[in-house]
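Peer 1: have a look at this fold, sequence not included:
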């Protein structure tokens, strides 16, 4: 096919040991993720005859570029709504937060504290937004942060007789890099049991249909 690798975009790397990577850095970035292996804890791994830990853990997390770009987009939205109602700001932020977290659902972002870090960074931006509007942060906290359920620091509206509009938090989403069902190598879309697997995924909650859009699309696909 004449496939060639561009040297400036190619690096040889080891996922575990820095010294085995050509640039001295283990791990690699792929489609917004950073994949790297780390030594397992001493009491959770076998040891070599020299006492070296043999086990390792593989972590898949958002890469630095993606995390930075996400915060930059959040910052642009907040800046755009300097004089807007709080509800307008929340309505613009929530789809961005939901979209970013959904993209990294099958990762270890929650395990390594990346989600809490994202929430903290957004809070600092909103804190400046509130202080600018109220003159001091104490008044801003009273006006823009409220208790909803078990969350005492919910950035939300508070209007009598109206359900509050609440800002989503990254940390409230479920994340796991191992929560998936591996498809066997000998399986095919045409072997007749794809519909069964889809229905099983629906029942287990791993697959959710859009409201009003559940259809027999899978059946049509099998008959194509």
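Peer 2: In hand now; what should we look at? None of these values were measured; they are calculated from a predicted model.

Peer 1: which residues of the chain score low on pLDDT?
Peer 2: 1, 41-54, 159-161, 177-224 (pLDDT under 70).

Peer 1: what is the neighbour count of the residue lying closest to residue 116 once chain neighbours are set aside?
Peer 2: Closest residue to residue 116 apart from its sequence neighbours, by C-beta to C-beta, 6 or more residues apart in numbering: residue 171 at 5.3 Å. Just so you know, the C-beta spots here come from the backbone N, C-alpha and C atoms, and that holds for glycine as well. Neighbourhood size, residue 171 [other C-beta atoms under 10 Å]: 17.

Peer 1: now residue 145
Peer 2: Count around residue 145 with other C-beta under 10 Å applied: 20.

Peer 1: roughly how far does it sit from residue 170?
Peer 2: Distance from residue 145 to residue 170, counting by C-beta to C-beta, to the nearest Å: 17 Å.

Peer 1: any idea which helix is longest in the protein?
Peer 2: Using DSSP state H, we find that the single longest helix of the chain is helix 114-134.

Peer 1: helices and strands around that helix, which ones?
Peer 2: helix 64-80, helix 86-103, helix 137-144, strand 151-155 (3 or more C-beta pairs under 8 Å, 6 or more residues apart in numbering; DSSP states H and E).

Peer 1: out of those, which is closest to residue 176?
Peer 2: helix 86-103 (12.7 Å; C-beta to C-beta).

Peer 1: quick one: distance of stretch 103-117 to the chain centre.
Peer 2: Averaging C-alpha positions (C-alpha atoms, centre = their mean, to the nearest Å) puts stretch 103-117 5 Å from its chain's average.

Peer 1: sorry, back to before: just send the helices and strands packed on helix 114-134 back as TSV, with distance to residue 38 too.
Peer 2: Converted to TSV, the helices and strands packed on helix 114-134 look like this (distance: least, C-beta to C-beta, whole Å):
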stretch	distance to residue 38
helix 64-80	17
helix 86-103	23
helix 137-144	38
strand 151-155	32
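
Peer 1: who wins for proximity to residue 18 among the ones you listed?
Peer 2: Judging the helices and strands packed on helix 114-134 by C-beta to C-beta, what sits closest to residue 18 is helix 64-80, at 16.9 Å.

Peer 1: between helix 114-134 and the closest one, find me the angle.
Peer 2: For helix 64-80 against helix 114-134, the angle by axes from the mean of the first three to the mean of the last three C-alpha atoms, to 10 degrees is 20 degrees.

Peer 1: give me the contact list for helix 64-80.
Peer 2: 29, 32-34, 62, 89, 92-93, 96-97, 100, 114, 117-118, 121-122, 125-126, 129 (C-beta atoms under 8 Å, 6 or more residues apart in numbering).

Peer 1: how far does it sit from the chain's center?
Peer 2: With C-alpha atoms, centre = their mean, you get 14 Å for helix 64-80.

Peer 1: what residues sit buried inside it?
Peer 2: For helix 64-80, a neighbour-count test (16 or more other C-beta atoms under 10 Å) marks 66-67, 70-71, 74, 78 as buried.
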